[in-house]
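S.K.: turn this into a model:
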Amino acid sequence: MSVSLPLPLVYASTYQASIPSDHRFPMGKYGTVYALISQRPWFAEASLHQAIPATVQQASLAHDPDYVQRVADGELTPGEVRVIGLPQKQTVRERSFASAGGACWPAASRCNRGGRDRWPGARTTPVRAVDAGSAS
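M.R.: Modelled structure (predicted):
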């Protein structure tokens, strides 16, 4: 006998940083995808979770700690900003850490049946109206 579990989804309004609409990176896709899938019949049964931003310490597990700290502090060099291709703005920094945390949440949740011990702040309780107002 198989058990059908709700589809776990992770989202945060901070996935969509404010950058010019004509920028080459399609930042608006995050809100657009959320708006489209939220209209699907199966969405009401999904288990929607708020993405918890990665901490500097967590992001430093995958990247150079000095670089991560400079991202967090908004102190990247002009050359680094040019290579990344996104402006050095607070919303872009928030998006970076939220995206990392949101990407890691499913794995941490699965490995630890909730993920709280290994990924501080991970929520195991579904969140229904996750930033729905900013998904447009």
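S.K.: in this protein, which residue is most central in space?
M.R.: Computing the C-alpha centroid of the chain and ranking residues by C-alpha atoms, centre = their mean puts residue 99 first, at 2.7 Å.
S.K.: wait, a strand at that one?
M.R.: No - assigned with DSSP: H, G, I helix; E, B strand; the rest coil, residue 99 falls outside any strand and is helix.
S.K.: which residues does the residue nearest to it when sequence neighbours are not counted contact?
M.R.: Spatially, and ignoring its direct neighbours in sequence, residue 99 is nearest to residue 15 (6.1 Å; C-beta to C-beta, 6 or more residues apart in numbering). (C-beta placed from N, C-alpha, C; glycine too.) Shown in contact with residue 15 (C-beta atoms under 8 Å, 6 or more residues apart in numbering): 30-31, 51, 95, 98-99, 102.
S.K.: can you give the distance of stretch 77-92 from its chain's centre?
M.R.: The chain centroid and the centroid of stretch 77-92 are separated by 18 Å, computed with C-alpha atoms, centre = their mean, to the nearest Å.
S.K.: residue 107: neighbour count?
M.R.: 12 (other C-beta atoms under 10 Å).
S.K.: CA atoms only: put the helix or strand containing it into CSV for me.
M.R.: Residue 107 is part of helix 90-111 when elements are defined by DSSP states H and E. Listed next in CSV are the C-alpha coordinates belonging to helix 90-111 (Å, rounded to 0.1, in the frame of the first residue of the first chain):
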residue,chain,number,x,y,z
GLN,A,90,20.0,44.7,0.1
THR,A,91,17.2,42.8,-1.7
VAL,A,92,19.8,40.9,-3.8
ARG,A,93,21.7,39.9,-0.7
GLU,A,94,18.4,38.8,1.0
ARG,A,95,17.6,36.8,-2.1
SER,A,96,20.9,35.1,-2.1
PHE,A,97,20.6,33.9,1.4
ALA,A,98,16.9,33.0,1.1
SER,A,99,17.6,31.0,-2.1
ALA,A,100,20.4,29.1,-0.4
GLY,A,101,18.3,28.3,2.6
GLY,A,102,15.3,27.4,0.5
ALA,A,103,17.4,25.1,-1.6
CYS,A,104,18.9,23.3,1.4
TRP,A,105,15.6,23.0,3.4
PRO,A,106,14.2,20.0,1.5
ALA,A,107,17.4,18.0,2.0
ALA,A,108,17.8,18.9,5.6
SER,A,109,14.1,18.2,6.3
ARG,A,110,14.3,14.8,4.7
CYS,A,111,17.5,13.8,6.4
